[in-house]
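Participant: From the sequence below, what's the structure:
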Amino acid sequence: MNSLESITPERKCRTGSANPPLYRSGIHKAHRTLFVTMVAALIIMVFSVDVHAQSGGFSGAFTRMGFGARGMAMGNAIGSVSQDGVYAHYNPALSADITNNQFDLGTALMSFDRSLHSVNATFPLPPNAGLSFGLLNANVYDIDGRTSSGYHTDYLSTHEFQFFAAFGISINPRIRLGASVKLQLASFHEEISNSTGAGFDIGMILSPTDSWRIGFAAQDLVSEYSWNTSDLYGGQDGRSKSDPFPNRFRLSTSYRFAETGLTLSSEYEIQRQSSEYQRLQVASGVLPPRNSRQTDNITTSSHQIRFGASWDAHERITLRGGWEVLDLDFLEETHKVSAGFSVHLPYDALSPSIDYAFVREPMGIAGMHVLNLRLSL
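Facilitator: Numbers count the residues shown, from 1 in each chain. All right, here's what the predicted structure looks like:
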């Protein structure tokens, strides 16, 4: 708010010997810059010192809720998991694991007049790369609009969209790299022009063994919403404004027990948020007293953890569970649990599968039911 092969075979990465020396040299040069960029982002993540604060209330919150039933059922801890298809939303490097054309359509049933929808499509690029395209949409309806005196005016609604295109490549059997471009569009009020923005992600997956994988992703880099409120508030109070998305740095790992069909995964994330606040200053020694506003910027950070599990209980059934903490400083208030399953239908045509997840939202205020349909084209 996905990919779709019923029983996806493990992808066998091609060895370097399958490619000519010139090809290998070109790959090495083409990805050196991307690798250095990811290392620099990791250094910034580890050594930055910020004020700690809860991450709620920042732009693009719907993009951080999760993408599709499989990911949300595992607590969104799938930054290095590609069983049953690829969600490049979590790490663009996962696109390197794409083996066939797949289409995924999902929706979430939510309380408080909210809705969340997702579309995902994947395409392999032989011999060792892949493309992913995705669309995430969130809406809130029947917002009670009122004047400053408390009188009802109208019912309002908001609509947000994010489109992404991701590319991933296996530069050797143990290393995958990826990058994605994101476009955002938001409609918050009929008298405010639609807000737009763009950003990008970079990612890497290492495979020390055939069963163990480690993933790193730096996400929502330079992503922001930009809009102008002059038409709504007038020339004096209205202004052009940019609200950045939190920068996300995710370190994930997963282990696949091939004999039992069990996959365990975990993830640690740091979010860095920049925001502005206004201070009211009163000039002293001046009559009459004069007030002035000063705008300052502050950077805060939050730390998150996620755990997930997936088990192939039967040839046609996969069970999943997860636990996610949205802020370690407020564990009791921000943790949520999830569970779900997939049913791989016995049809050769399109190999359809149905995915389901139930997510208990923080503080138990509500529950989400997420449904997805996967097709192999």
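Participant: Can you list phi and psi of residue 230 for me?
Facilitator: Dihedral angles of residue 230 (phi, psi; degrees, to the nearest 10) stand at phi -60, psi -40.
Participant: Residue 88 falls within a helix, correct?
Facilitator: No. Read with DSSP: H, G, I helix; E, B strand; the rest coil, residue 88 is coil and lies in no helix.
Participant: Could you count how many residues lie near it?
Facilitator: 34 (other Cβ atoms under 10 Å). C-beta here means a position set from N, CA and C on the backbone, and glycine is covered the same way.
Participant: One more: the one 5 residues further on?
Facilitator: As a burial measure, the neighbour count of residue 93 was computed by other Cβ under 10 Å and equals 33.
Participant: Report the contact partners of it.
Facilitator: 168, 176-178, 203-205, 215, 217 (Cβ atoms under 8 Å, 6 or more residues apart in numbering).
Participant: now do residue 100
Facilitator: 5, 122, 124, 376-377.
Participant: ok so, going back, is it possible to get TSV of the contacts of residue 93 that adds neighbour count and pLDDT?
Facilitator: Output for the contacts of residue 93, formatted as TSV (neighbours: other Cβ atoms under 10 Å; pLDDT from 0 to 100):
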residue	neighbour count	pLDDT
168	30	97
176	30	97
177	24	98
178	28	98
203	30	97
204	25	98
205	28	98
215	27	97
217	28	98
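Participant: out of those residues, which one sits closest to residue 77?
Facilitator: For the contacts of residue 93, the closest approach to residue 77 (Cβ to Cβ) belongs to residue 215, at 10.2 Å.
Participant: Bridge partners for the closest one, pull those for me.
Facilitator: Beta-bridge partners recorded for residue 215 (DSSP bridges): residue 205, residue 252.
Participant: So it is in contact with residue 251, correct?
Facilitator: Yes. Contact status for residue 215 versus residue 251: in contact at 7.4 Å, counting by Cβ atoms under 8 Å.
Participant: and of the contacts of residue 93, the nearest to residue 193?
Facilitator: Using Cβ to Cβ, residue 217 is the member of those that lies nearest residue 193, at 31.7 Å.
Participant: so where does the closest one fall, helix or strand?
Facilitator: In this assignment (DSSP states H and E), residue 217 forms part of strand 212-221.
Participant: tell me what that strand is packed against?
Facilitator: helix 21-47, strand 195-206, strand 247-257 (3 or more Cβ pairs under 8 Å, 6 or more residues apart in numbering; DSSP states H and E).
Participant: any idea how far the last one is from the chain center?
Facilitator: Averaged C-alpha coordinates place strand 247-257 at 13 Å from its chain's average position (Cα atoms, centre = their mean, to the nearest Å).
Participant: what's it in contact with?
Facilitator: Counting by Cβ under 8 Å, 6+ apart, 41-42, 44-45, 64, 77-81, 83, 90-91, 211-221, 262-273 sit against strand 247-257.
Participant: ok, now with 6 Å
Facilitator: Residues from elsewhere that reach strand 247-257 (Cβ atoms under 6 Å, 6 or more residues apart in numbering): 45, 79-81, 211-220, 263-272.
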